[in-house]
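Task: produce atomic coordinates for the following.
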Amino acid sequence: MTYCVGLMLKEGLVLLSDTRTNAGIDNISSYRKTFTFEEPGERAIVIMTAGSLSVTQTVIAKLQEAIEDPDATPATSVMQANSMLGVAEIVGNMLSSVAQEIRAKMNSMQQSASASMIVAGQRKGGTMRLFLIYPEGNFIEATEDTPYIQIGEHKYGKPILDRVITTDTPINEGRLAVLLSMDSTLRSNLSVGMPLDLTVIKADECRINERQRIEEGDDEYRALSDEWSNALRDSFTTIRNKLIEHDPAL
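This is a model prediction of the structure:
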């Protein structure tokens, strides 16, 4: 499995994915789940993937092939699409098509294959947008009410996003929030694992402002994880002590 999360803040987009692929307890590997497409100053697009590796790798390969096609059009290439909505439609159509092809091949073996994707970015003259692409190719969009999207093993990392993230959250705090969201997931689910890929796109710059690979044993990340664990333990102790003061029988 995997975990990918994207935030859409007024200051920009913050995106984070793990790299673990689990095909059984004795077949665990690392594969990149974050893919960037960029023409600095004109458009910046990030795609994060979860689900069947055969589906996601084929989709990304076909999207790249469409970009390089000399006959590419705004309806076929994410680098020519007229808007981020157009990008989401291209990715959704490709995901649906590839999933159907692979599913047809696997049906005879009574196996299934599906995937979902997060598409985020901005085109010059347009607004930042963040989409969740479903396996069927349809999609929903992040809004001011819910300015984040998750795919994969999302339940462990959701509480901090619900409590902390709004569109007004500064981008540095958003960066911190997705890392803590990932840390909670890593602690609770072995199917999610290091290294991590962090991507930041600042509003209206239409370029990748930060692209970071966080490896196992990274000192900054380890310190962050330890601080988060200590803060949770301290908060638990504080609440417990207050309850005991109120009712010593507890």
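
Can you name the residues bridging to the residue nearest to F37 when sequence neighbours are not counted?
Nearest in space to F37, with sequence neighbours left out and distances taken as Cβ to Cβ, 6 or more residues apart in numbering, is I45 at 4.3 Å. Any C-beta I mention is one placed from the backbone N, CA and C, and that applies to glycine too. For I45, the beta-bridge partners under DSSP bridges are F37, G121.

for I45, what are its contacts?
I45 makes contacts with T36, F37, E38, V78, M79, M84, V87, V119, A120, G121, as judged by Cβ atoms under 8 Å, 6 or more residues apart in numbering.

For it, give me the pLDDT.
Looking at I45, its pLDDT is 98.

Could you measure from it over to V91?
Applying Cβ to Cβ, to the nearest Å, the value for I45 to V91 is 9 Å.

what sits in contact with each of those two?
Residues within reach of I45 and of V91 at once, by Cβ under 8 Å, 6+ apart, are V78, V119.

Can you give me the separation between the residue nearest to F37 and D162?
Going from I45 to D162 by Cβ to Cβ gives 27 Å.

For I60, which non-adjacent residue is closest in space?
That would be F35: by Cβ to Cβ, 6+ apart, it lies 5.4 Å from I60.

my guess is that neighbour meets A61, correct?
No: with contact defined as Cβ atoms under 8 Å, F35 does not count as touching A61 (10.3 Å).

okay, those two: which has more neighbours?
When neighbours are counted by other Cβ atoms under 10 Å, F35 and A61 differ, and F35 comes out ahead with 19 against 11.

got the contact list for the more buried one?
Applying Cβ under 8 Å, 6+ apart, we find F35 in contact with V46, I47, M48, T49, I60.
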